[in-house]
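S.K.: the following block contains a protein sequence and its predicted model.
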Amino acid sequence: MAAGDLPDELAGLLPRIQRLARRRLWSGLSARRLRGAHAELLRLVADGPGIRVSEAAHSLCLAPNSVSTLVNHLVAEGLLRREKDAQDGRAALLYPTVAGIGRLRDWHARREALFREHLAGLDTADRAALTAALPALNRLAASLREGDEIA
């Protein structure tokens, strides 16, 4: 691959991997689908109960109104609980429900099993190359985030 092809290849490959993984995760699922953005928000809230919607939006690189929409969906499904902030009545604090933690645990287990299975099908050199690429991908993500202002 020519060096000039890397941006295009990477920009096309990462979303394709995500779409294919989601499609595999959704197949045969009896419960309602936990879409990617919903799972990301639920994971963030489970990792930091009491997070504000604005903090969640910043962390997920999404607009606050988009996160509010995700919150409304997760609250309606009984996976998230929203409470008013005692210090600022305009702000909402987010907490996972027991059902939300269970769905998240199931989602993570299915996703981990999927990637373990497919990574195991690669040869040792490919797995090593992917492992070696992770720090660079994290730096790329950090670079893309710099100066990122979500409205």
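M.R.: Done, it's in.

S.K.: which stretches of the protein form helices?
M.R.: Taking DSSP state H, the helices of the chain run over residues 6-26, 36-47, 53-60, 64-76, 98-120, 124-145.

S.K.: distance from the first one to the middle of the chain?
M.R.: Averaging C-alpha coordinates over helix 6-26 and over its chain gives two centres that are 14 Å apart (CA atoms, centre = their mean, to the nearest Å).

S.K.: re earlier: take the helices of the chain and write them to TSV, including mean pLDDT.
M.R.: Listed next are the helices of the chain as TSV, based on pLDDT from 0 to 100:
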stretch	mean pLDDT
helix 6-26	89
helix 36-47	92
helix 53-60	92
helix 64-76	94
helix 98-120	92
helix 124-145	93
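
S.K.: quick one: which of these is nearest Ala91?
M.R.: Set against Ala91 and scored by CB to CB, these come closest in helix 53-60, at 7.2 Å. No exception for glycine: its C-beta is placed from N, CA and C like everyone else's.

S.K.: which pLDDT value belongs to Arg32?
M.R.: Note on Arg32: pLDDT of 74.

S.K.: brain fart, Gln87
M.R.: For Gln87, pLDDT reads 86.

S.K.: try the one 5 residues further on
M.R.: As summarised for this prediction, Ala92 has a pLDDT of 88.

S.K.: just give the number of residues close to it.
M.R.: Neighbours of Ala92 under the rule other CB atoms under 10 Å: 19.

S.K.: now do Arg90
M.R.: Around Arg90 there are 6 residues (other CB under 10 Å).

S.K.: that one and Val53, how far apart?
M.R.: Between Arg90 and Val53 the computed distance is 10 Å (CB to CB, to the nearest Å).

S.K.: kindly report the same for His118.
M.R.: Distance check for His118 against Val53: by CB to CB, it reads 35 Å.

S.K.: which of those two has more neighbours?
M.R.: Val53 (20 against 13).

S.K.: residue contacts, the more buried one?
M.R.: By CB atoms under 8 Å, 6 or more residues apart in numbering, the contact list for Val53 reads Pro64, Val67, Ser68, Val71, Ala91, Ala92, Leu94.

S.K.: from His73, how far out is it?
M.R.: With CB to CB as the criterion, Val53 and His73 are 13 Å apart.

S.K.: all good on my end, thank you.
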